[in-house]
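**Student:** just coords:
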């Protein structure tokens, strides 16, 4: 009996593990033994490393579907009222301001919030902590055509300079310095302002961080740099934090003058005025516009090439990266040449959504690839969009 080709044997072993087939096309008989061995190696590596360490480029917000709200004992049914309020908070994070501000639509979609509750417990100061079934909520939102923003979200670095008056000026840091007797008041007010930012960021499901203001930061950034609008220097200093966007705020306490903010994301700049809570909401709306997916978004096939895959670790990182990207419904290997692997992707929202997600994940987009490819017999129509990226572990 004729032996099973090596690449088919590996692919069958992979699918027997309960994984989707990674081989979506077959090589022509003229493809050569070396190319078959190369694909076999890739399939073996996928069996070894697919379940490895998750990608670190995106931050997963684990608390999207939890909320802590007031428990009003004067209500006819305090717990049910708290469930309803907690669901509204969750929908603000997951679907945005439009749905959360429409109580009639929320009532229509979720007539019984209690049926989505998986855990609850009393909180401090007459509050109730509630955890919801995220998958069930997402399913309702998608089926009704509502927007859904997944748990993998970009990180925003916040540089915040504050003029407290009478020559007292400071930059808000991630933590408090050593507290001396004279610095206590300054630390308290900095902590309160920082907490306002963090509270609003948590409410919108927005990962944020403040600079350490360690020796390196203090050598590269001064209060005058921030206050004077020398943001180019700030952006250079921000590179060490590997944040996806940068928010720069200039706050004048106890003054009628409006706070000034600049926001940098995807080579674009936004300018706003207002209180920190307002601006953090605008940042969340901006990022949701980029990464949230409409419930009626169509699935489109995209031909994705990724170069720079020259090791077991690199292959494992790419597999994990694709598996963790929320716009990707499925992916499979279609061809291999050198250090480049081509995948056939099913992407929610099409090629532009996929491009943004992969940029966010840290891949470097290329203008195209003109090298030789392994010949394949496609199982799908060939008129599909194509993207080419480069993977670099650095």
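**Tutor:** Received the coordinates, thanks. All of these numbers come straight from a predicted model, not from anything done at the bench.

**Student:** Which other helices and strands does the strand or helix carrying residue 136 contact?
**Tutor:** Here residue 136, judged by DSSP states H and E, is contained in helix 134-143. Applying 3 or more Cβ pairs under 8 Å, 6 or more residues apart in numbering; DSSP states H and E, one finds that helix 134-143 contacts helix 78-95, strand 147-148. For the C-beta atoms, the positions are set from N, CA and C on the backbone; glycine is no exception.

**Student:** With mean neighbour count added, can I get the ones you listed in TSV?
**Tutor:** Formatted as TSV, those follow (neighbours: other Cβ atoms under 10 Å):
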stretch	mean neighbour count
helix 78-95	21
strand 147-148	20
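
**Student:** Worst mean pLDDT among these?
**Tutor:** Least confident of the helices and strands packed on helix 134-143, judged by mean pLDDT, is strand 147-148 with a mean of 92.

**Student:** can you list contacts of the helix or strand that that one is followed by?
**Tutor:** Next along the chain after strand 147-148, taking DSSP H and E as the criterion, comes strand 152-153. Outside strand 152-153, the residues that touch it by Cβ atoms under 8 Å, 6 or more residues apart in numbering are 58-61, 205-207, 287, 291, 324-326.

**Student:** cool, stretch 77-89 as well?
**Tutor:** With Cβ under 8 Å, 6+ apart, stretch 77-89 has contacts from 67-72, 75, 100, 103, 106, 110, 113-114, 116-117, 120, 128, 130, 132, 203.

**Student:** picking up where we left off before, distance to residue 334 for the helices and strands packed on helix 134-143 - can I get that in TSV?
**Tutor:** Output for these, formatted as TSV (distance: least, Cβ to Cβ, whole Å):
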stretch	distance to residue 334
helix 78-95	33
strand 147-148	28
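
**Student:** To residue 309, which of these lies closest?
**Tutor:** Proximity of these to residue 309 was assessed by Cβ to Cβ; the nearest stretch is strand 147-148, lying at 30.5 Å.

**Student:** In its sheet, which strands sit next to that closest one, and in what direction?
**Tutor:** Counting by DSSP bridges, the strands paired with strand 147-148 are strand 293-294 (antiparallel).

**Student:** What mean pLDDT does the partner strand get?
**Tutor:** 84.

**Student:** I'd say residue 364 and residue 387 touch.
**Tutor:** No. Between residue 364 and residue 387 there is no contact under Cβ atoms under 8 Å: 11.7 Å.

**Student:** higher neighbour count, those two?
**Tutor:** Neighbour count, other Cβ atoms under 10 Å: between residue 364 and residue 387, residue 387 has more, with 21 against 14.

**Student:** List the residues that contact the more buried one.
**Tutor:** Contacts for residue 387 (Cβ under 8 Å, 6+ apart) come out as 302-305, 351, 354-355, 358, 365.

**Student:** Can I get the buried part of the residues you listed as one PyMOL selection?
**Tutor:** In PyMOL syntax, the buried subset of the contacts of residue 387 is picked out as below (16 or more other Cβ atoms under 10 Å):
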select buried, resi 302+303+304+305+351+354+355+358
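
**Student:** Quick check: the residue nearest to residue 59 when sequence neighbours are not counted vs residue 316, distance?
**Tutor:** Of all residues beyond its chain neighbours, the one nearest residue 59 is residue 207 (4.4 Å), with distances taken as Cβ to Cβ, 6 or more residues apart in numbering. Here residue 207 is placed at a distance of 24 Å from residue 316 (Cβ to Cβ, to the nearest Å).

**Student:** Kindly report the same for residue 244.
**Tutor:** Applying Cβ to Cβ to residue 244 and residue 316 gives a distance of 23 Å.

**Student:** so residue 301 makes contact with residue 346?
**Tutor:** Yes. With contact defined as Cβ under 8 Å, residue 301 counts as touching residue 346 (6.2 Å).

**Student:** I am finished for the moment; much appreciated.
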